[in-house]
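Participant: coordinates only, sequence not included:
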């Protein structure tokens, strides 16, 4: 009797998990395409192919939905970066490849969605309370991955600041990319910065 109940329950749990994932992915897509102000629970449920009632059952308000999307985005960004680091080449062009990876991340749709949430959270205390700790977690993880990818020794004077400057640079280039395709200029800047990093980290 117990095994029958368990067997019947698992597919329902899987369907619920899949439905929530569709809603979260649709929320991220809406944030990228329409911004925070243009994202609504109705629009998200339509895009996800989920009934309005089902959506309201899982996420009664826009804030509930967006806060869950923040957590989803945090996981997505971490997974994307970890996968990209694993594919980095070794050898002379490694530093340039690390910067290219970071540049791609900070100009990706996932970063654009996160940016929408940062801006909205500036004047929304409830959203800020959800975004801030998760963004700090992402920041620490990105820093850790960058240090490991560059083989940087932060016990050496100035190296931690150099890594932080690198992340500030690629984040700023990502912001510039939200207005127009800035890929060519980004490549030129990162090529130059790779030379600077190689020289400074070799000291």
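Facilitator: Cool, the structure landed. Quick caveat: nothing in here was measured; it's all calculated off a predicted structure.
Participant: what mean pLDDT would you report for the strand or helix carrying residue 163?
Facilitator: Using DSSP states H and E, residue 163 sits within helix 159-176. What helix 159-176 shows for mean pLDDT is 93.
Participant: So which residues of this structure form helices?
Facilitator: 2-34, 41-48, 52-58, 62-86, 94-105, 109-121, 125-150, 159-176, 183-201 (DSSP state H).
Participant: so where is the chain shaky, pLDDT-wise?
Facilitator: Applying pLDDT under 70 to the chain picks out residues 1-10.
Participant: could you redo the last one with a cut-off of 50?
Facilitator: Along the chain, the model assigns pLDDT under 50 to residues 1-7.
Participant: centroid residue for it?
Facilitator: Geometric centre of the chain, nearest residue: residue 77, 3.2 Å, by Cα atoms, centre = their mean.
Participant: That residue touches residue 109, doesn't it?
Facilitator: No: counting by Cβ atoms under 8 Å, residue 109 is not a contact partner of residue 77; they are 11.0 Å apart. Heads up, the C-betas are built off the backbone N, CA and C, glycines and all.
Participant: residues near residue 86, how many?
Facilitator: Residue 86: 8 surrounding residues under other Cβ atoms under 10 Å.
Participant: Residue 128 against residue 119, yeah?
Facilitator: No: if you go by Cβ under 8 Å, residue 128 and residue 119 don't touch, sitting 11.1 Å apart.
Participant: what touches both of these two?
Facilitator: Common neighbours of residue 128 and residue 119, counting by Cβ atoms under 8 Å, 6 or more residues apart in numbering, are absent.
Participant: So these two - more neighbours on which side?
Facilitator: residue 128 (16 against 12).
Participant: Nearest residue to the more buried one in space, please, no chain neighbours.
Facilitator: Excluding the flanking residues, the one nearest residue 128 by Cβ to Cβ, 6 or more residues apart in numbering is residue 121, at 4.2 Å.
Participant: any idea how far the one you found is from residue 28?
Facilitator: 16 Å (Cβ to Cβ, to the nearest Å).
Participant: Looking at these two, which one has more neighbours?
Facilitator: Just comparing residue 121 and residue 28: by other Cβ under 10 Å the higher neighbour count belongs to residue 28, 23 against 20.
Participant: before we move on, back to that, tell me the spacing between the residue nearest to the centre of the chain and residue 115.
Facilitator: 12 Å.
Participant: Kindly report the same for residue 67.
Facilitator: 17 Å.
Participant: try residue 157
Facilitator: Counting by Cβ to Cβ - residue 157 and residue 115 are separated by 33 Å.
Participant: quick one, which of these two is more surrounded?
Facilitator: Taking other Cβ under 10 Å, residue 157 and residue 115 do not tie; residue 115 has more neighbours (19 against 8).
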